[in-house]
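K.L.:
I'll drop the sequence and a predicted model, then ask my questions.
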2 protein chains.
Amino acid sequence: MSSPFAFEIKATSGAARTGLFKTARGDIPTPAFMPVGTAGTVKALTTDQVADTGAAIILGNTYHLMLRPGPDRVARLGGLHKFMRWDKPILTDSGGFQVMSLSGISKVTEEAVTFKSHLDGSRHVLSPERSIAIQADLLGADIVMQLDECVSWPAEKERAAQAMRLSARWGARCKTAFGDRDHQTLFGIQQGSTYADLRQESSMRLQEIGFGGYAIGGLAVGEGHQAMCETLDDCTGFLPQDRPRYLMGVGKPIDLVEAVARGVDMFDCVLPTRSGRHGQAWTWDGPINLKNARFAEDESPLDADSACPASRLYSKAYLHHLIRAEEILGQVLLSWHNIAFYQALTAAMREAIQTDRYDQFRAEFRARHLRDTAA
Amino acid sequence: MSSPFAFEIKATSGAARTGLFKTARGDIPTPAFMPVGTAGTVKALTTDQVADTGAAIILGNTYHLMLRPGPDRVARLGGLHKFMRWDKPILTDSGGFQVMSLSGISKVTEEAVTFKSHLDGSRHVLSPERSIAIQADLLGADIVMQLDECVSWPAEKERAAQAMRLSARWGARCKTAFGDRDHQTLFGIQQGSTYADLRQESSMRLQEIGFGGYAIGGLAVGEGHQAMCETLDDCTGFLPQDRPRYLMGVGKPIDLVEAVARGVDMFDCVLPTRSGRHGQAWTWDGPINLKNARFAEDESPLDADSACPASRLYSKAYLHHLIRAEEILGQVLLSWHNIAFYQALTAAMREAIQTDRYDQFRAEFRARHLRDTAA
């Protein structure tokens, strides 16, 4: 039986590509943005609301789910899709990034990462093999990520090289543990901080192992938009043309637009939901903070042309009131709007690539979206 | 032009009645439960979700809205219906109850209540005339409540009589201020604590003034279910048969069932949304707390027969996880389920009265709903 996974590039525009990433649970049009469903929920939204935005895939966080409710429990309840009522594809991260950023004490050895839960201090071990077992067997993810070590920024080159090579060895162990599966696929993760030669070495090591897709890790960790773009200028080209490229944890709308210009296909980020919960709405005209007094009597909606009820049907004045009054509905509506905006943005990028006018789209987007900012 | 307001009693079963309260913005089948939209939002829910439960009317809190965003601002934005996107009827309370229970310092004189905002300490005056102006002219409520003074429980009889008579005088001033309106109606509020003769005197004074409907105030303030039922045994009958009777701030499902048996037609309460935000779900089999470990792997939904997605589509195990993880979606889904349950409960009561088997319904409800409790 042939794998249902295939990546079909339909059109290119410069380095930008649009296509279809086919999975056992449905096709993902690329460029694609994956809303983050941290602990079995895209925060504040029902899965029906998420699906209504056009999202074709969401991300689940292995670190959060392994601590609560626990991967064995999710497995006994039929897997993550059934547990959270989402029947389209799910990509899970390996847990490694959040182990290193959120947990109390983490210790990285050749064998595994040992850490203490930020919830109750309990001790856990995450090895490449355990990460695969959790993601692939217990949660039942469609797209499984290898365990990697992501260094903070800035990183000395020697430290970055060490983590990159450990990540490659862990990638090989993950591949072995993952084995052959028809309905799930495994992605490798390129590391190497902002060093082009390390990014190249990482890519070669990963391609020797062979993955269903390739992620770019270790960016959006503090280096800034410009340094990220410069690193992408080099490192995207090191990855195979015929596999999806996934830029992890990115980002602002402008980051997506620039990364797609450099050949990236997939993204995930907590920004639209997190900033929404804090009153920020992302729009074609840039981000706005609904707490601002200038919206107190603004009767216009966030986006009169959007298909999303949160964007189209509620006045900014009402959203301003809800956010000021710390009402849950304000968090719901702005999270919903922001996810819908990110989906509309990727749809517009796909359309621009399809018609080979991505550079024009990018210039127009920059002019409008960044008009009111110093950037 | 004749008023669109009319109360048509379709059937009775003992003292229980079912009918249609017709308003300019739509008919309200009674007995009716009004979800509370405190500060321009039924907490955690979109108005579409509220409407989907079958709610035909919601309540707005004058106290909260007069402090934020302010009644003049709501008026400039087109009134409360437009502001919050709810085109069915809205009943607003007078603000008096919450002035006396929530604000910092309140001083009641013959003329008005003076109080300090619990938000910023600013000083406000609420007179009968101001309450009517806010509700009827600025917020644009369909059903406007008179300003009253509600004494705490227990109350000395003399104190209860004093507050009841002040409330009656305020009711007359509210009637004058309200004047003749085609598309809005004014309700009086019976007071008198648990003293039957005071309740009777209150009712007589109110009927001399003449209102579109009559509320029973001053109950559910700590006297308990039994004392409330005993007071209702007396005081409902003092009110006219041909006008809606509204028991303010009530209550638990069992309170609604018993009050309807005593001839009450309308209710409001924050309980379904407030308890939902804290993990409690109301069901035909009584209340359950989703935080409880026994639900950790319970794959059944809260109500497989409900039309509400929150009741029918999510497992208790998932809701347990969301509440444990303090996820907003848990608060959303349980608020939604609880409002849907209250609407299903009033629909079942209407059906039972229509077929003249309310006593049987009440007995069956008590047996099932209270089975696991000491009550």
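P.N.:
Perfect, I can see it now. The model shown is predicted, which means the values in this text are computed figures rather than measured ones.
K.L.:
contacts only, for the spatially most central residue of chain A.
P.N.:
Geometric centre of chain A, nearest residue: residue A:268, 1.4 Å, by Cα atoms, centre = their mean. By Cβ atoms under 8 Å, 6 or more residues apart in numbering or on different chains, the residues touching residue A:268 are A:33-36, A:59, A:91, A:246, A:248-250. (Each C-beta comes from the backbone N, C-alpha and C, glycine too.)
K.L.:
need the next SSE after the strand or helix carrying it, C-terminal direction.
P.N.:
Using DSSP states H and E, residue A:268 sits within strand A:266-269. Using DSSP H and E, the helix or strand that follows strand A:266-269 in sequence is helix A:271-277.
K.L.:
get me the contact residues on chain A for chain B.
P.N.:
Residues of chain A lying close to chain B (Cβ under 8 Å from any Cβ of the partner chain) are A:39-41, A:43-46, A:48, A:68-69, A:73, A:76-78, A:83-85, A:277, A:296-297, A:299, A:309, A:313-315, A:317-318, A:321-322, A:324-325, A:327-329, A:331-333.
K.L.:
run the last query once more with 6 Å
P.N.:
A:39, A:41, A:44, A:68-69, A:77, A:83, A:317-318, A:321, A:325, A:327-329 (Cβ under 6 Å from any Cβ of the partner chain).
K.L.:
remind me which helix or strand the closest residue to residue A:161 other than its chain neighbours belongs to.
P.N.:
Setting aside the residues directly before and after it, residue A:161 is nearest to residue A:198 in space (Cβ to Cβ, 6 or more residues apart in numbering or on different chains), at 5.5 Å. Counting by DSSP H and E, the element that carries residue A:198 is helix A:196-209.
K.L.:
now that helix: buried residues?
P.N.:
For helix A:196-209, burial by neighbour count (16 or more other Cβ atoms under 10 Å in any protein chain shown) applies to A:198-203, A:205-207, A:209.
K.L.:
what's in contact with that helix?
P.N.:
Helix A:196-209 is contacted from outside by A:160-161, A:164, A:168, A:171-172, A:175, A:188, A:190-192, A:234-235, A:238-239, using Cβ atoms under 6 Å, 6 or more residues apart in numbering or on different chains.
K.L.:
any regions of the stretch 251-375 of chain A where pLDDT drops low?
P.N.:
Low-confidence segments of the stretch 251-375 of chain A (pLDDT under 70): A:373-375.
K.L.:
please enumerate the strands of it.
P.N.:
For the stretch 251-375 of chain A, the strands defined by DSSP state E, counting those that start in this stretch occupy A:266-269, A:280-283, A:286-289.
K.L.:
how about the contacts made by the closest residue to residue A:32 other than its chain neighbours?
P.N.:
In space, and not counting its chain neighbours, residue A:32 is closest to residue A:266: 5.1 Å by Cβ to Cβ, 6+ apart. Listed by Cβ under 6 Å, 6+ apart, the contact set of residue A:266 reads A:32, A:244, A:246.
K.L.:
hmm, the second one is touching residue A:21, no?
P.N.:
What that stands for is residue A:244. Yes. Assessed by Cβ atoms under 6 Å, residue A:244 is found in contact with residue A:21 at 5.2 Å.
K.L.:
need the overlap of contacts for those two.
P.N.:
Joint contacts of residue A:244 and residue A:21 (Cβ under 6 Å, 6+ apart) are residue A:7.
K.L.:
apart from its neighbours in sequence, what residue is nearest the residue of the stretch 251-375 of chain A found nearest chain B?
P.N.:
Per Cβ to the nearest Cβ, residue A:328 is where the stretch 251-375 of chain A lies closest to chain B, at 4.1 Å. Leaving aside its sequence neighbours, residue A:328 sits nearest to residue B:44 (Cβ to Cβ, 6+ apart; 4.1 Å).
K.L.:
same check on residue A:237?
P.N.:
Per Cβ to Cβ, 6+ apart, closest to residue A:237 is residue A:263, 7.1 Å.
K.L.:
so what's the residue count around that neighbour?
P.N.:
Using other Cβ atoms under 10 Å in any protein chain shown, the number of residues around residue A:263 comes to 21.
K.L.:
for it, phi and psi?
P.N.:
The phi/psi pair for residue A:263 (degrees, to the nearest 10) reads phi 90, psi 20.
K.L.:
gap between residue A:247 and residue A:189?
P.N.:
For residue A:247, the distance to residue A:189 equals 11 Å [Cβ to Cβ, to the nearest Å].
K.L.:
and if you look at residue A:10?
P.N.:
Taken as Cβ to Cβ, the span from residue A:10 to residue A:189 is 26 Å.
K.L.:
so for those two, which sits in the more crowded spot?
P.N.:
Per other Cβ under 10 Å, whichever of residue A:10 and residue A:189 has more neighbours is residue A:189, with 30 against 13.
K.L.:
what lines up beside the helix or strand hosting that one in the sheet?
P.N.:
Using DSSP H and E, residue A:189 sits in strand A:185-190. Take DSSP bridges as the rule and strand A:185-190 pairs in its sheet with strand A:143-145 (parallel), strand A:213-216 (parallel).
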